[in-house]
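# sequence and predicted structure, then a few things I'm wondering about:
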Amino acid sequence: MKLAELLDALFPEKHDVTLDGDVLHGHGELDGAEVAVIGTAGHAAIGVETALALAAHVLDVVREKPGTAILLLVDNAGQRLSRRDELLANNAYLAHLSKCLEVARARGHQVLSLVYEQAISGGFLAAGMIADRTYAVPEARIYVMNLPAMSRITQIPLSRLESLCETSAVFAPGVPSFVKLGIVEDVWEGDLSGALRNALKNHSQRDMRSAIGFERSGRTLAAEVAKRVQEGRV
């Protein structure tokens, strides 16, 4: 979905979002209340500068707009795969972004994310899955590693991986698989402003992804393992 169309659908009353390169920031209004909007566009590869810019916008919201809900709009090509960014420890910058979002959460900000284009690997982890709740539009594309790349890395034949995808959402890319795993809570289509309104209204910071994944038969062991760890039975 195009960014301009998305913003109009999410915030039919009013929105003021600026795109600086591949980083977007600003706000939208829903039922007279302000929602901070932060994210990326143009299939951004998240390197050190992008991660720092996103983190700075998060901290600006925490500092200047206490308690304002934050909506992360996700469209990225994962972490930038360059020698320079790796030497600069890009993983630490992505961790910094995640920590800033955790600071926002601890200060009372609701944090939601919406995948409106594509979300890949570390870019999805640090700027999408870190949210309290993650959503997607039907045409979004989500994967940690595409199957040909997974085949090259694991030395498992591509045909075998494709066969595994038919029975296990863990291996399968795409929005339906991530919904089944409980990572994407719901798919938003039609009335996007209504979907955002409901998400904000029914918001909870309790992490239910393992339980939801179990209910949807996508993750059959995660919830039980987590429970055993919490109870010290491992």
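Okay, I see it. Residues are numbered from 1 along each chain as shown.
# spatially central, which residue of this protein would that be?
residue 128 (1.6 Å; Cα atoms, centre = their mean).
# in a helix, that residue, correct?
Yes - the assignment for residue 128 (DSSP: H, G, I helix; E, B strand; the rest coil) places it in a helix.
# dihedrals phi and psi, residue 138?
Here is the backbone geometry of residue 138 (degrees, to the nearest 10): phi -60, psi -40.
# run a quick neighbour tally on residue 166.
Per other Cβ atoms under 10 Å, the neighbour tally for residue 166 reads 8. Yep, even glycine has a C-beta here, placed from its N, CA and C like the rest.
# got it, and residue 102?
The local packing count at residue 102 equals 13, with neighbours defined by other Cβ under 10 Å.
# contacts only, for the closest residue in space to it that isn't next to it in sequence.
Distances taken as Cβ to Cβ, 6 or more residues apart in numbering place residue 130 nearest to residue 102, at 7.6 Å, with adjacent residues excluded. The contact partners of residue 130, taken as Cβ atoms under 8 Å, 6 or more residues apart in numbering, are 97, 98, 101, 102, 111, 113.
# inside helices: which ones of those?
Here DSSP state H is the test, and those give 97, 98, 101, 102 as lying in helices.
# those into JSON lines, with extra columns for distance to residue 217 and pLDDT?
Conversion of the ones in helices among the contacts of residue 130 to JSON lines gives the following (distance: Cβ to Cβ, whole Å; pLDDT from 0 to 100):
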{"residue": "97", "distance to residue 217": "32", "pLDDT": "95"}
{"residue": "98", "distance to residue 217": "29", "pLDDT": "94"}
{"residue": "101", "distance to residue 217": "30", "pLDDT": "96"}
{"residue": "102", "distance to residue 217": "30", "pLDDT": "94"}
